[in-house]
Structures are given as structure tokens and as C-alpha cells.
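J.: sequence? don't have it. structure:
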Ligand code: SF4
């Protein structure tokens, strides 16, 4: 007779078996004591928690400084990011680098850049709700390690994920707010830099928003 495990047990078992080493037993992202260890275990894992595992080339964990005052969250790795295994490494990333650098902030030093899901969705489609839910424990872990005082939500999908009631995006972009799940942190929605590549007329507004963020970071 097949014994069905309750869903919660399966969840815990999946999470704790990520990154299993050949001989060393269970290496778990959940029990990693430092951020570099968490990052290494997730990168090296063969996570199969959602359907995005089928098409990925890399598990894209982060770019930047885990101790930074700002954590930037986007929706998912792009095709280029999947190929290189690094978030924001393509033209959109270069635009983001340029915009932050203009306000005295380095994306490698003053930010940690992450995605809601760590694997590239096919055809650059937005991640599905179930994929985001399956991957969210990793983002939660990143937020738990991070001392960031500011959470920047990059693009409409990131805002919709964490504050779905804040619509339309155009009414909230550049507006600081707080969320109960992230006490002590200010949240700032910004345009996704990929949108700026398609619509450069948005760039002055994005520069203004980053300038306001830089001013708060400095205080
Ligand atoms: S997107 Fe997240 S949950 Fe899905 S396979 Fe990749 S790492 Fe695992």
C-alpha cells in the first residue's frame, strides 16, 4: 500500500534535501548559517520544486552585496541572466548600474539584486503564481539574512507580487511605503530597467526616484 505523505512534510523534505552532496548527507539551504553558504548551496542544488527547473541553465541567486542597505527584487531571470547565472548582467542591468551610479550608488556595493524566482521562465513570460510560491522560501531566506533598510521592487510584477492592492503601478512608482511582513524596511517600487530600454522617456523620472532613494540611504 502506498502511504501518502502530508503536503507540509513533503515541503519540508524538499527544502531540506536541496543541494545534497555525494557523501556528506543533507546540505540544506534552510540550515545554512551564512549567506555565502546559502548562496553556494542553492546555486549548486538541482532544485526541482517547480516547473521552471526543466528549462533553466543556471539557478540565478543574486548579484551585489548581501550586507547592502538596499535589496532590489525583480520577477525572474532573463534569457541572458540564465545563460550567465547572474541577475541583471545584460543591457537592462547595465542601465540599472548606470542610473544608480549617477546617484553615487554602486549596484555591486550598495545593493543586493535578486529575483522572486531563481530560474528563467520560457519565452520570458512572467512567472506563474505557483512558481513564485514554490520559490518564495529562498527569497524569504535572502530577506532574513539581509540587513537592508530598503526594498526596491523593480517593475510591475514585483509590486503586484508583494502589494497587489497597489494598482495601477503608475500611481505607486517612486512612492515609499511599508509592508507588515517587512518591519523596519521602506519599500519603493521603481520601473524595471528593461522598460527604460524600450521607453527612454521614463528615464528622467527613474533618475529622480533613485535620487530620492539615495538621499534616504545617506541619512
Ligand atoms: S524557480 Fe525556484 S523553486 Fe523553481 S526550480 Fe528554480 S530554484 Fe527551484
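T.: Nice, I can see it. Keep in mind the model is a prediction, meaning the values are calculated, not measured. Numbers count the residues shown, from 1 in each chain.
J.: tell me which residues in stretch 160-167 are buried?
T.: For stretch 160-167, burial by neighbour count (16 or more other Cβ atoms under 10 Å) applies to 160, 161, 162, 166. Yep, even glycine has a C-beta here, placed from its N, CA and C like the rest.
J.: greatest separation within those residues: which pair is it?
T.: 161 and 166 (10.9 Å; Cβ to Cβ).
J.: low-confidence regions, the protein specifically.
T.: Along the chain, segments meeting pLDDT under 70 span 1-28.
J.: what about the strands in it?
T.: For the chain, the strands defined by DSSP state E occupy 63-64, 70-74, 111-115, 150-154, 186-190.
J.: pipe the ones you listed into JSON lines and attach distance to the ligand and mean neighbour count per row.
T.: Listed next are the strands of the chain as JSON lines, based on distance: least, Cβ to the nearest ligand atom, whole Å; neighbours: other Cβ atoms under 10 Å:
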{"stretch": "strand 63-64", "distance to the ligand": "16", "mean neighbour count": "20"}
{"stretch": "strand 70-74", "distance to the ligand": "13", "mean neighbour count": "26"}
{"stretch": "strand 111-115", "distance to the ligand": "9", "mean neighbour count": "26"}
{"stretch": "strand 150-154", "distance to the ligand": "17", "mean neighbour count": "23"}
{"stretch": "strand 186-190", "distance to the ligand": "22", "mean neighbour count": "22"}
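J.: kindly report the residues of this structure close to the ligand.
T.: 47, 49, 50, 52, 53, 59, 117, 118, 119, 131, 134, 135 (Cβ under 6 Å from any ligand atom).
J.: can I get these in CSV with neighbour count?
T.: What follows is these, written out as CSV (neighbours: other Cβ atoms under 10 Å):
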residue, neighbour count
47, 23
49, 19
50, 19
52, 24
53, 15
59, 25
117, 27
118, 28
119, 24
131, 20
134, 21
135, 22
